[in-house]
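# Sequence first, then the predicted structure, then my questions.
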Amino acid sequence: MNRTLIRILLAGIAVLAIVFPLFAGDYPLQVARNIMLYMALAISWDMLLRSGQISFGIAGLFGIGAYAAILGVVRAGMPAWLSIPFGAAFAALVALAIGFVILRLRAMYFSIVTLALGEIFRIIVHNLHDFTGGPEGVVMSQGVIFGGNSSALYWLVLGGLAVAIAASTWFEKSRIHFALTAIRNNEISAKSSGVDIFRWLLLAFVVTSAIQGMLGGIFVMSYGFAAPDVVFSADFTLLPLAMALLGGIYSTQGPIFGAILLGLVAEWLKLKIPYGHLVVYGIMIIIVILFIPQGIKSLVKKTLGRESTAPEGGHA
Amino acid sequence: MTVKQRKAIVPAASAVAVVVLLLWKPTVLIYGLQAAGLYAAVAIPMGLVLGIVHIVNLSHGEFMMLASYATYTLCKALGMDPLLALIPMALITALFGWIVFQFTIRRALKAPELNQLILTFGLAIAFSQIINLIFTSQTYKLALDYSSMSLDVGDLSFGVWSFVFVAVAILYAVGLQLFLKRTRTGKAALAVGQNPNGAAIVGIDVYRTYGLVFALAVGLVGLMGALFLTKSAIFPSVGSPFTMKSFSLVAMAGIGNIPGILWGSVLLGLAENFLRSFRSTRDWAEIVYFVLIIAVILSRSLKGKKS
Amino acid sequence: MIKLKTTGLTRRFLGLVAVNNVSFSMEEGEILGIIGPNGAGKTTFINLVSGIIMPSEGKIEYKGQDITWMPAHQRARIGIARTYQLIHPLENLTLIENVMVGSIFARGHSVREARRRAEAICRELGLTRLERDTSRLTILEIKKMEIARALANEPEVLFLDEVMAGLNSDETKELIAMVQKIAKERNLAVGVVEHVMGVIKELTHRVIVLEAGELIAEGRYEEVSKNPRVIEAYLGGGAA
């Protein structure tokens, strides 16, 4: 496809995304905010996946960023907008500490430890109830950021999404792409070519955790409230994972596409099935990983006549 | 430190802990051992799958949970006691596990390890959410007389039913060792676990062995699910801590080290109950397994630097 | 000038001694053959000097510096490179991108500069259509890519682990000439592990023989091939 045509299309979509609040009502804006939040999380999950590490702990880093943000405001009097990068930084620091320990052993150990993260952080927050407000949570008495204005909240999430997309693109276009792909494909070969595996994995983990923490901050600022069960909800791990898988991993567009598709399905499901609607995601993950592990993106590529295993950025 | 000395650390530490607790906080010792039995009985099958099929089944705890719910439904419908359902449940869950294996996991065995992790993660979600869908997140419990039976020793009174878990754990440990070392199928399974290509060359049907081992492991977990119901309340996510704790124990013990799982579970059970016995640390008991796995990873990576 | 030197290099795996007290050195500009029966420890030896595994005993020195415990990626940066016997190309990178990795990370070049240098190396080796997926390459091209990958490190010491395996005689001749040219132009110290004695005879200046992890002979091919102990190693109990 023509490069300039794609650029124009993307610019058009970006413009549409920005002006969306000017003509959309509250409910569509709310749906859009949710989709964009999950989309950004899906992109951040994929960024780490490119190194060959699966994180099941998105909810953990998201939640810890959320709590850092809201406690920053409520306990330290931080202005709301500052709490968001603060949440990102805090999550990054936590990731640095954890990554430093567990990234020396990899794949299986890393993934399973991340699986515990959400629950462990939830328990920690729950237990330190004097500081964190415990199981009942903590409320921002100064109210929601931007006074709860729907458009402003929308643009806030859009900003977070833009950061995620920018970071993902950076990961794709710079030497980071080479490092992560080499590590994912063949660690020994990578080592022999001078790649310091531990350092690059740590970088990827810290950056993606920062994004997840930032999104956690955005989330709590948008609601003015945090509770352990809410911000550490497994939804924040499950949905982004399913979205990225469905759309097509190892790319920025795949998670975007998967998020739109699944996000709309999620909204519809929430209305139809109150309990256990997440079963759809579980089943979807199973089907995708067994039958279309490269996601819908690969199916699209196949029908357009390109091999699904072609590396990104190569010519047709 | 010699290998022998290192291997003796956990049993030695456990022995010391036992003595200390016996004198100072006997209820911690009792409930800790009971919990150890439960954890070990659930962890040993995970070790079996990891050692022979070489996959980490993230839905391990969910199979137990499914068995618990199935037992509950069965017992309520037929008015029977769950103890009668132990063997049938083991067989049904084993069959279910075999079917799941054939339709899903088997297909992912040739794929990268990461695909298998995501797959079993998906299974875990699917299982717990299906139960959530059918039963909602409400907890269910059976009221049974025998499960609250207690013993009085001096001015100490404690529940004894949960010692069945210890019995089952020991049964599993001994039974599996016998199975793997003495029976033909067991030895074939061991061979497959150590060298699938070699085993195939000598005529062992590797995939059939995988299916059998997986079904066996799930069956053992299924029995525990039924037994678990006699003592505890169940809810859709009751299985997931068991997956994590089983993994911690298996990782700590190392593949193929069943006695190690027993010792590790004693450590875990005692540590958790110890923390629970003090008001100030009570809420931190659920973090112990995580600390354990981090400790394991740290010691492995420090050791690994030299190799 | 001695580029690489090992003293008493030993590696044990549980009960087995894979490399046993090997002391040798490699000079700038020389092509050294490393031969021995299957299971003699040749690949383990290369893994030890390239840093993929750490020794149980002994010392490794590179240009006078003790690198015994240096991690593999750092050794790549100071000028040690090697190819792998079982080549698994990085499947999600194109041919040229596979080659670029060493240039970016072992040499620290920018992506653009790395591409330029990688293209030059590929041209030198006769590799074309560089944007291709690695699954589309012939066996000779894969071998060349593997050598290119190692050359992208801009090494001073290079190990080629059975790089001629699976090639027909024309391809082997082409690769021999290529290795000679590369070694001469860059003044490399090259270690060549091979089973085909014809290759060793033509390519190498000097040969070392490993058997059951031990260095049993050293010298020019003509001498070593007549050494009774070497002959016995190959014909006697040495065949794994």
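Arrived safely.
# quick one, phi psi at residue C:217?
Backbone torsions of residue C:217, given as degrees, to the nearest 10, read phi -160, psi 160.
# thinking it is in contact with residue C:227, fair?
Yes - assessed by Cβ atoms under 8 Å, residue C:217 is found in contact with residue C:227 at 4.8 Å. Any C-beta I mention is one placed from the backbone N, CA and C, and that applies to glycine too.
# can you map out the strands along chain A?
All strands of chain A, identified by DSSP state E, fall at A:138-139, A:225-226.
# isn't residue C:156 right up against residue C:26?
No - Residue C:156 sits out of contact with residue C:26 when judged by Cβ under 8 Å, with a separation of 10.0 Å.
# how much space between the spatially closest residue to residue C:209 that is not a sequence neighbour and chain B?
Ranked by Cβ to Cβ, 6 or more residues apart in numbering or on different chains and with sequence neighbours excluded, the top spatial neighbour of residue C:209 is residue C:217, at 4.2 Å. When distance is defined by Cβ to the nearest Cβ, to the nearest Å, residue C:217 is 30 Å away from chain B.
# Could you list which residues are in contact with residue C:217?
Taking Cβ atoms under 8 Å, 6 or more residues apart in numbering or on different chains as the criterion, residue C:217 is in contact with C:207, C:208, C:209, C:224, C:227, C:229, C:230.
# returning to that earlier point: can you pick out the residue with more neighbours from residue C:156 and residue C:26?
The residue with more neighbours, out of residue C:156 and residue C:26 and counting by other Cβ atoms under 10 Å in any protein chain shown, is residue C:26; that gives 25 against 20.
# Make sure that one is indeed in a strand.
Yes - under DSSP: H, G, I helix; E, B strand; the rest coil, residue C:26 falls within a strand.
# so it sits right up against residue C:183, yeah?
No - if you go by Cβ under 8 Å, residue C:26 and residue C:183 don't touch, sitting 11.6 Å apart.
# To what extent is residue 62 buried, counted in neighbours?
Reading this off chain A. That count, for residue A:62 with other Cβ under 10 Å as the rule, works out to 35.
# try chain C instead
For residue C:62, the number of neighbouring residues by other Cβ under 10 Å comes to 22.
# cool, and residue B:110?
For residue B:110, the number of neighbouring residues by other Cβ under 10 Å comes to 8.
# again with the one 10 residues further on
Counted by other Cβ under 10 Å, the residues lying close to residue B:120 total 25.
# pLDDT at it, what is it?
Here the pLDDT value assigned to residue B:120 is 95.
# mind checking how far stretch B:284-299 is from the chain centre?
Shown here is stretch B:284-299, whose average C-alpha point lies 17 Å from the average C-alpha point of the whole chain (Cα atoms, centre = their mean, to the nearest Å).
# Spell out whether that stretch and chain A are in contact.
Yes - in this structure, stretch B:284-299 sits against chain A according to Cβ under 8 Å from any Cβ of the partner chain; the contacting residues are B:284, B:286, B:287, B:289, B:290, B:293, B:294, B:297, B:298.
# Buried members of those residues into PyMOL, please.
Selecting just the buried residues from the residues of stretch B:284-299 next to chain A in PyMOL takes one command, with 16 or more other Cβ atoms under 10 Å in any protein chain shown as the test:
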select buried, chain B and resi 284+286+287+289+290+293+294+297
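# Just the residues of stretch B:284-299 next to chain A: which are in strands?
With strands identified by DSSP E, none of the entries of the residues of stretch B:284-299 next to chain A belong to them.
# Tell me which of the residues of stretch B:284-299 next to chain A fall in helices.
When helices are assigned by DSSP state H, the members of those inside them are B:289, B:290, B:293, B:294, B:297, B:298.
# In chain C, what residue lies closest to chain B?
With Cβ to the nearest Cβ, the shortest gap between chain C and chain B falls at residue C:54, namely 6.2 Å.
# Next, that residue: phi, psi?
Main-chain torsions, residue C:54, degrees, to the nearest 10: phi -100, psi 150.
# Residue C:23 belongs to a helix?
No - counting by three-state DSSP, residue C:23 is not found in a helix; it is strand.
# any idea which element the nearest residue to it once chain neighbours are set aside lies in?
Ranked by Cβ to Cβ, 6+ apart and with sequence neighbours excluded, the top spatial neighbour of residue C:23 is residue C:7, at 5.0 Å. Taking DSSP states H and E as the criterion, the element that holds residue C:7 is strand C:2-13.
# buried sites along that strand?
Using 16+ other Cβ under 10 Å as the test for burial, strand C:2-13 gives C:3, C:4, C:5, C:6, C:9, C:10, C:11.
# What average pLDDT does that strand get?
Averaging pLDDT along strand C:2-13 yields 93.
# Identify all contacting residues around that strand.
Contacts to strand C:2-13, defined as Cβ under 8 Å, 6+ apart, come from residues C:17-28, C:41, C:44-45, C:48-49, C:53, C:55-63, C:80, C:156-157, C:189, C:213.
# Let's see which of these end up in strands.
Counted as lying in strands by DSSP E, out of the contacts of strand C:2-13, are C:17-27, C:57-62, C:80, C:157, C:189.
# show me where pLDDT drops low in the chain?
Just going to use chain A. A:1, A:107, A:274-276, A:305-316 (pLDDT under 70).
# you looked at the wrong chain, it should be chain C
Across chain C, the stretches falling below the confidence threshold (pLDDT under 70) are C:236-240.
# That one: strands as residue ranges?
C:2-13, C:16-27, C:31-35, C:57-62, C:65-66, C:80-82, C:157-161, C:189-193, C:206-211, C:214-219.
# Report whether the helix or strand hosting residue B:131 contacts chain C.
Residue B:131 is part of helix B:113-135 when elements are defined by DSSP H and E. No - Helix B:113-135 does not reach chain C (Cβ under 8 Å from any Cβ); its nearest approach is 13.5 Å.
# Around residue A:23, count how many other residues there are.
Summarising burial for residue A:23: neighbours were counted as other Cβ under 10 Å, giving 7.
# just residue A:299 next, same as before
Close neighbours of residue A:299, defined as other Cβ under 10 Å, add up to 13.
# I'd like the strands of chain A as CSV, with mean neighbour count appended.
Conversion of the strands of chain A to CSV gives the following (neighbours: other Cβ atoms under 10 Å in any protein chain shown):
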stretch, mean neighbour count
strand A:138-139, 18
strand A:225-226, 21
